[in-house]
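My questions concern the predicted model and sequence given below.
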Amino acid sequence: MGILYYAGSEMAIAFPDRVLAHVKVVTTAKLRRGESFTVSWTHPLDDTMGRSTLWMHPTIPLRFVFDEREPPELDRSWLESLSASANLAGGISIDVDDTDEPTT
């Protein structure tokens, strides 16, 4: 499991490495251009019910930590889908319990 640390917080937000790698690429591309957006995800079934959303902004510190030493192979169509959804009002949405490629 990869970990996203948001806003300098020590609170860890866990995502599968493959999911986090794709979110990282889209996030860094948008923030590099000065664009803000949201990332939402469902809480894992074994955790508190519900969902969370983060406001991603270029001034908010982020840290991505991965379990795997080697980065996973990225899926271009998934990156394009995540990028397109990041441009919409609803932002990126991830179902963390989906064992297939997450939907956006």
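Yep, that arrived.

CA-only coordinates of stretch 83-95 in PDB, if you can.
Extracted in PDB, the C-alpha atoms of stretch 83-95 (Å, rounded to 0.1, in the frame of the first residue of the first chain):
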ATOM      1  CA  SER A  83      -6.900  13.700 -16.100                       C
ATOM      2  CA  ALA A  84     -10.200  14.300 -17.800                       C
ATOM      3  CA  SER A  85     -12.100  13.800 -14.600                       C
ATOM      4  CA  ALA A  86      -9.800  16.100 -12.700                       C
ATOM      5  CA  ASN A  87     -10.900  18.900 -15.100                       C
ATOM      6  CA  LEU A  88     -14.600  18.300 -14.100                       C
ATOM      7  CA  ALA A  89     -16.400  19.800 -11.100                       C
ATOM      8  CA  GLY A  90     -16.500  16.400  -9.400                       C
ATOM      9  CA  GLY A  91     -12.700  15.900  -9.700                       C
ATOM     10  CA  ILE A  92     -11.000  12.500  -9.500                       C
ATOM     11  CA  SER A  93     -13.100   9.800  -7.800                       C
ATOM     12  CA  ILE A  94     -11.600   6.400  -6.700                       C
ATOM     13  CA  ASP A  95     -13.200   3.300  -5.300                       C
END
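
Give me the contacts around it.
Outside stretch 83-95, the residues within contact range by Cβ atoms under 8 Å, 6 or more residues apart in numbering are 15, 19, 23, 26, 29-30, 35, 37-42, 53, 82, 102-104. All C-beta atoms are positioned from the backbone trio N, CA, C, and that covers glycine.

Can you name every helix or strand that the longest helix seen in the chain contacts?
Counting residues, the longest helix in the chain under DSSP state H turns out to be helix 17-32. The contact analysis (3 or more Cβ pairs under 8 Å, 6 or more residues apart in numbering; DSSP states H and E) places helix 17-32 against strand 2-6, strand 37-42, strand 51-56, strand 62-65, helix 76-86, strand 92-95.
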